[in-house]
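Peer 1: requesting a structural model of the entry that follows:
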Amino acid sequence: MHWADHTAQTLQNRDGSQVIASGITPSGEFHVGHLREILTAEMIHRACLDAGMESRYIFIVDSMDPLRRVYDFLSPAYQQYIGHPLAYIPAPGPDGEPNPDGGNYADHFLAPFLAALKEIGVEPEVVMNHQTYESGAFADKIHSSIEQKNEIRRVIEEVSGREVPEDWFPYNPLGSDGSIDGVSVTGYEHPHVHWVDSHGVEGTADIRTAQGKLPWRVDWAAKWGIHGITCEPAGKDHGAAGGSYDTGIPICEMLGSQPPHKLV
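Peer 2: Predicted coordinates:
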């Protein structure tokens, strides 16, 4: 039996329709290696359909993820956008300079990849993660994460074997300049997270909007529940013992949802 058909057979033990997912951070040009995860999910989705099951394939674009550094193809002008969500910064022009008329950074790198997928007959439902935050769909998961921050910290430390900083908080608000870097949480009164940034500016983030985001290990677990994901294949970097999949499963359960079938 083909491994995708075997996975579909395993998923039949779960009630309801299947939601197969994959995801990516649009930090730059997509390369051929990115196809592996997308095609793995596509094959499972098709195997589910072949088995007579209801199935959707969603492709989650982590457009709320921050710009980590000034990549080689970007001009030094992007230094000002470090820590800003990719959906909220301008796309680079041909010279690598920020182009205010070129749309946002995330869409700029995503569009040609989606066009390439369409050419090979792969057309998943695209979910832009910043829009999910904007819609308020993350609000309940964020609130639950904050209420259980000590338990989530314990899970991450015990499963991953790494120490979590004392000031760790399961929500990263955007500071006065739009960056999550250098922002410290000073308090929480539902639905507002109070913060002070590296400029000494104090402010408040509403968890029902895209004024901040969950740390990635918690964000991934929250997305599983929000979208009802039943299977999300992942590479060995995420699926290895103590990796983000192993921390995500108990965190997903703590946030009140059933985790997906793990497939490495």
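Peer 1: so where's this protein uncertain?
Peer 2: For the chain, applying pLDDT under 70 flags the ranges 237-241.
Peer 1: show me where the protein has its strands.
Peer 2: For the chain, the strands defined by DSSP state E occupy 18-24, 55-61, 90-92, 98-104, 125-128, 172-173, 184-189, 192-196, 202-206, 212-213, 231-233, 261-263.
Peer 1: for the third one, packing partners?
Peer 2: Going back to what we said before, that points to strand 90-92. strand 98-104, helix 105-119 (3 or more Cβ pairs under 8 Å, 6 or more residues apart in numbering; DSSP states H and E). Yep, even glycine has a C-beta here, placed from its N, CA and C like the rest.
Peer 1: and the longest one, what's buried?
Peer 2: Residues of helix 105-119 classed as buried: Tyr105, Ala106, Asp107, His108, Phe109, Leu110, Phe113, Leu114, Leu117 (neighbour count, 16 or more other Cβ atoms under 10 Å).
Peer 1: need the helices and strands packed on strand 90-92 in CSV (columns: distance to Gly178).
Peer 2: Shown next, in CSV, are those (distance: least, Cβ to Cβ, whole Å):
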stretch, distance to Gly178
strand 98-104, 13
helix 105-119, 13
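Peer 1: so which of those comes closest to Ser17?
Peer 2: Comparing the helices and strands packed on strand 90-92 by their distance to Ser17 (Cβ to Cβ), the top pick is helix 105-119, with 22.3 Å.
Peer 1: can you tell me how far the residue nearest to Asp219 when sequence neighbours are not counted sits from Tyr88?
Peer 2: Closest residue to Asp219 apart from its sequence neighbours, by Cβ to Cβ, 6 or more residues apart in numbering: Lys213 at 6.3 Å. Note on Lys213: its distance to Tyr88, by Cβ to Cβ, to the nearest Å, is 11 Å.
Peer 1: who are the contact partners of Ile207?
Peer 2: Phe138, Ala139, Ile142, His143, Ile146, Tyr171, His190, Pro191, His192, Val193 (Cβ atoms under 8 Å, 6 or more residues apart in numbering).
Peer 1: how about it: what's its closest non-neighbour residue?
Peer 2: Ile142 (4.3 Å).
Peer 1: format the contacts of Ile207 as JSON lines; extra columns: neighbour count and distance to Leu39.
Peer 2: Output for those, formatted as JSON lines (neighbours: other Cβ atoms under 10 Å; distance: Cβ to Cβ, whole Å):
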{"residue": "Phe138", "neighbour count": "26", "distance to Leu39": "28"}
{"residue": "Ala139", "neighbour count": "16", "distance to Leu39": "34"}
{"residue": "Ile142", "neighbour count": "27", "distance to Leu39": "32"}
{"residue": "His143", "neighbour count": "17", "distance to Leu39": "36"}
{"residue": "Ile146", "neighbour count": "19", "distance to Leu39": "37"}
{"residue": "Tyr171", "neighbour count": "24", "distance to Leu39": "34"}
{"residue": "His190", "neighbour count": "12", "distance to Leu39": "42"}
{"residue": "Pro191", "neighbour count": "16", "distance to Leu39": "39"}
{"residue": "His192", "neighbour count": "16", "distance to Leu39": "42"}
{"residue": "Val193", "neighbour count": "24", "distance to Leu39": "39"}
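Peer 1: between those, which is closest to Lys262?
Peer 2: Nearest to Lys262 out of these is Phe138 (Cβ to Cβ; 22.6 Å).
Peer 1: that closest one contacts His130, doesn't it?
Peer 2: No. The criterion here is Cβ atoms under 8 Å, and Phe138 misses it with His130 at 10.5 Å.
Peer 1: Lys213 and Tyr88 - which one has more neighbours?
Peer 2: Ranked by neighbour count (other Cβ atoms under 10 Å), Lys213 and Tyr88 place Lys213 first, with 26 against 18.
Peer 1: isn't that one right up against Pro170?
Peer 2: No. Using Cβ under 8 Å, Lys213 makes no contact with Pro170, being 10.3 Å away.
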